[in-house]
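Visitor: Sharing a model prediction with you, sequence too.
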Amino acid sequence: MGNGDTRVRGLAARAGGWSARHRWAAVGIWVLFVVLAMGLGSAAGRVDVDDSDQLKGETHTAARIIDDAGIKEPAGETVLIQSKDGALKATDAEFRATVADVVKAVGATGKVTGVTSPYDTRTISKDGRSALVQFDMRGDADTAADRVEPVLKAVDGVQKEHGSLRIEEIGGASMQKQYKDAFGDDFQKAEYSAVPVALGILLIAFGALVAALLPVALAITAIMATMGLMGIVSHLQPMSDTANSVMLLVGMAVGVDYCLFYLRREREERDAGRDAGTALRIAAATSGRAIIVSGVTVCVAMAGMLFTGLATFEAMGLASLMVVAVAMVGSVTVLPALLSLLGERVEKGRIPFLRRRRTGGSSESRFWTAVLRGVLARPVVSVVVAVGALLAVAAPALGMKTSQLTLDQEFGDSLPIVQTYNRLNDAFPGGSEPAEVVVKAKDINAPEVRRALADFKERAVASGASQGPVDIKLHDAQNVALVSVPLVGGSDMDKANKSLEKLRDEVRPATLGKVDGVQAPITGNVAGNHDFNDQLMGSVAPVFAFVIVFAFLLMLLSFRSLTVAITSILLNLLSVGAAYGILVAVFQHGWGASLVGAEGVGAVVTWLPLFLFVILFGLSMDYHVFVVSRIREARMRGRSTRDAIQHGVVTTAGVVTSAAVIMVAVFAIFGTLSMQDMKQMGVGLATAVLIDATIIRGVLLPAVMALLGERNWYLPRWMHRLPDLTHDESPAAVAAPVRQEEEQLPV
């Protein structure tokens with residue numbers, strides 16, 4: 001049967017061959033899978049991460065005590081009444097009248113409960129120029145933002161009547177409402193804009209509408225299927241909105257990339273004169289195999305997040321892992337079926353002025369051919385310059401400072417509520433984010449417990465951890481007391497953390513800790529951030545070790561080369577280090593920060609370094625596996641190592657560039673968001689992919705491989721018994737006569 005007889009071994013080749021022969025069945029199975037996943041996921045519903053399961057340690061214990069007791073903490077709100085020019089004090093008649101008006105106005109809305117006057121609760125600042133009216137929103141705290149509007153209007157009404165005083169409301173409900181009003185659609189718009197951006201770049205890359213739509217369509221269906229699977233899996237591992245967004249980001253990136261790799265190889269083979277069947281078979285055996293190796297490596301990297309013990313990271317890791325696996329399976333099954341069905345119709349919808357090289361044309365990039373000529377002529381110089389440049393870029397990472405961003409760091413001064421937050425913290429340090437001690441006893445009203453609570457309240461202020469007032473709420477029926485402690489330091493996280501440590505290490509052991517049977521975990525925003533940081537830092541080493549070791553093993557088995565496995569890990573680490581350095585330079589030191597709207601941040605958000613390592617280590621393997629696979633393929637066909645490097649890099653440069661441009665563009669969209677943590681994530685991912693696709697794959701990889709020569713393929717004799725996961729495309733498949741008519745792939 002001529003070239004139709006040629007067989008290649010490997011899972012990707014077999015999957016592609018079956019799909020091309022049973023194309024309608026393959027497409028039907030894929031559509032059925034997507035529909036079933038979405039339907040079952042919708043029917044099952046999604047379980048989101050509960051606050052009590054977010055962290056381990058004291059924060060988790062406190063949340064569990066409150067949940068077990070059935071205590072529903074309402075959304076607390078505060079109205080700051082403050083003299084604008086400092087002339088009025090809380091003892092003045094006008095100030096008192098304003099307080100009375102605020103109490104009356106918010107109470108009249110019917111949306112609040114427990115309204116307290118600062119004259120009763122002693123919430124008056126030391127200088128006497130600020131006071132707090134406090135109350136709780138009625139109903140569920142999670143939906144309080146939907147009901148706070150009338151209260152905000154009532155406070156605004158009082159403000160209009162008292163121009164000499166500043167009257168502003170802040171709290172969980174009002175903050176959530178302002179965020180939603182200001183940025184509610186921000187993230188969603190970024191997600192939606194990723195699709196047209198990717199499609200536009202693919203139109204330029206392929207010059208045909210149908211060819212450009214295929215990768216986007218498969219990425220979208222993979223994302224849809226994964227959303228359904230997330231609903232099912234969430235009953236075992238709760239999910240979150242953050243996991244959903246990360247899944248979409250990763251799914252769009254890898255889904256488009258995998259299809260791009262496959263489609264470009266198939267078109268390249270057809271341009272070289274192969275018949276349809278042979279071109280598709282070669283694409284399946286080569287690009288298809290590279291997709292599987294890359295996909296499995298990315299999945300392993302994403303699985304590293306499961307070792308953090310943090311519910312949010314576990315949700316992100318599992319969601320990302322699933323979408324990569326689904327996109328990988330779709331790329332090696334339904335894509336060959338669609339290409340077999342479409343045939344030459346994949347060229348439909350040609351874009352004017354975007355002509356591509358046809359049969360007999362070279363697929364090699366002229367730009368990268370010129371670059372490679374210089375790199376391979378002076379590999380030592382290329383390595384020294386590239387490594388030196390990347391190490392210089394990575395150098396700022398040595399002084400990396402990580403921190404949970406405060407409200408003003410996260411949003412700047414663009415929101416009025418941020419200014420209120422700062423004024424409140426200046427007048428009442430720690431008042432906006434107090435620590436909460438959850439005291440559980442057999443009998444909360446027992447004399448020794450009541451004495452311990454009183455001692456704790458007194459020592460909290462005497463120790464310097466708090467300036468007061470310390471508020472105690474008893475829940476007699478549940479034998480629980482909730483102690484609110486404003487921390488000295490306020491929005492200054494370093495100082496607030498020191499105050500928290502005093503409470504935990506000094507005040508609590510000397511008071512509540514002396515009563516048998518009493519639990520007193522300390523929670524709150526500052527405590528939650530502290531516990532999160534501790535747990536995250538403790539998980540860094542296990543996650544790094546897991547990802548690096550398994551990525552090394554996968555590369556070793558996939559290429560059967562100890563040298564390739566080692567260089568792959570080192571190059572990826574260099575790429576990640578450079579990304580860290582850029583993050584620190586921009587967001588911590590402020591170099592060029594104004595270009596991305598990040599002035600005054602001064603730190604990298606705590607969760608980002610570990611997240612970036614996992615994501616980048618996985619995504620970097622996309623390009624690395626694709627390029628090295630092409631180099632190895634050329635080497636196996638008899639080319640010298642230097643020629644194989646030249647051929648592999650320049651023939652993959654176009655597809656790698658297109659894939660990188662899509663990734664950079666999608667990630668850069670998230671760098672335009674208003675929230676600084678999303679901005680840092682977008683900038684970090686975009687710059688890392690750009691570095692990886694240019695300096696690493698275009699300069700450093702070929703230079704290193706050129707220096708190593710035949711040692712690139714070194715495998716110790718004792719490792720020859722390892723499983724062989726390489727593909728072995730027969731040279732006959734390349735040299736076989738070309739048939740002019742299209743054919744289906746043989747069994």
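Guide: That came through, no problem. Residues are numbered from 1 along each chain as shown.

Visitor: switch to C-alpha atoms for all contacts and neighbour counts from now on
Guide: Noted.

Visitor: what is the mean pLDDT for stretch 601-620?
Guide: Mean per-residue pLDDT for stretch 601-620: 85.

Visitor: Convert that stretch to CSV, retaining C-alpha atoms only.
Guide: C-alpha atoms of stretch 601-620 as CSV (Å, rounded to 0.1, in the frame of the first residue of the first chain):
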residue,chain,number,x,y,z
VAL,A,601,3.3,47.9,46.2
GLY,A,602,6.7,47.1,47.7
ALA,A,603,6.3,43.3,47.8
VAL,A,604,5.4,40.2,45.9
VAL,A,605,2.1,38.7,47.0
THR,A,606,2.8,35.7,49.2
TRP,A,607,1.2,32.9,47.2
LEU,A,608,2.6,34.0,43.8
PRO,A,609,6.2,32.5,43.9
LEU,A,610,5.0,29.0,44.5
PHE,A,611,2.1,29.3,42.1
LEU,A,612,4.4,30.7,39.4
PHE,A,613,6.9,28.0,39.8
VAL,A,614,4.4,25.2,39.4
ILE,A,615,2.6,26.9,36.4
LEU,A,616,5.8,28.0,34.6
PHE,A,617,7.6,24.8,35.1
GLY,A,618,4.7,23.0,33.5
LEU,A,619,4.1,25.4,30.7
SER,A,620,7.8,25.7,29.9
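
Visitor: thought Thr61 was touching Pro521?
Guide: Yes. Using C-alpha atoms under 8 Å, Thr61 is in contact with Pro521, at 6.6 Å.

Visitor: Let me see the ranges of the helices in the stretch 51-200 of the chain.
Guide: Remark: helices assigned in the stretch 51-200 of the chain by DSSP state H, counting those that start in this stretch are 57-69, 93-108, 118-121, 149-161, 172-183, 186-206.

Visitor: If we go by neighbour counts, what in the fourth one is buried?
Guide: Yep, that's helix 149-161 we're talking about. Val151, Leu152, Ala154, Val155, Asp156, Val158, Gln159 (16 or more other C-alpha atoms under 10 Å).

Visitor: ok so, going back, just send the helices of the stretch 51-200 of the chain back as JSON lines, with mean pLDDT too.
Guide: Shown next, in JSON lines, are those (pLDDT from 0 to 100):
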{"stretch": "helix 57-69", "mean pLDDT": "85"}
{"stretch": "helix 93-108", "mean pLDDT": "92"}
{"stretch": "helix 118-121", "mean pLDDT": "88"}
{"stretch": "helix 149-161", "mean pLDDT": "91"}
{"stretch": "helix 172-183", "mean pLDDT": "78"}
{"stretch": "helix 186-206", "mean pLDDT": "76"}
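
Visitor: CSV for those helices, including distance to Asp505?
Guide: CSV is the format used below for those (distance: least, C-alpha to C-alpha, whole Å):
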stretch, distance to Asp505
helix 57-69, 13
helix 93-108, 38
helix 118-121, 28
helix 149-161, 40
helix 172-183, 29
helix 186-206, 40
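
Visitor: which stretch among those comes nearest Leu673?
Guide: Of all those, helix 186-206 sits nearest to Leu673, with 6.6 Å by C-alpha to C-alpha.

Visitor: Quick check: Thr312 touching Gln237?
Guide: No. At 10.1 Å, Thr312 does not count as touching Gln237 under the criterion of C-alpha under 8 Å.

Visitor: Neighbour count for those two, which is higher?
Guide: For Thr312 versus Gln237, neighbours defined as other C-alpha atoms under 10 Å are more numerous around Thr312 (23 against 17).

Visitor: residues contacting the more buried one?
Guide: For Thr312, the contact set (C-alpha atoms under 8 Å, 6 or more residues apart in numbering) comprises Val49, Gln54, Met239, Ser240, Thr242, Ala243.
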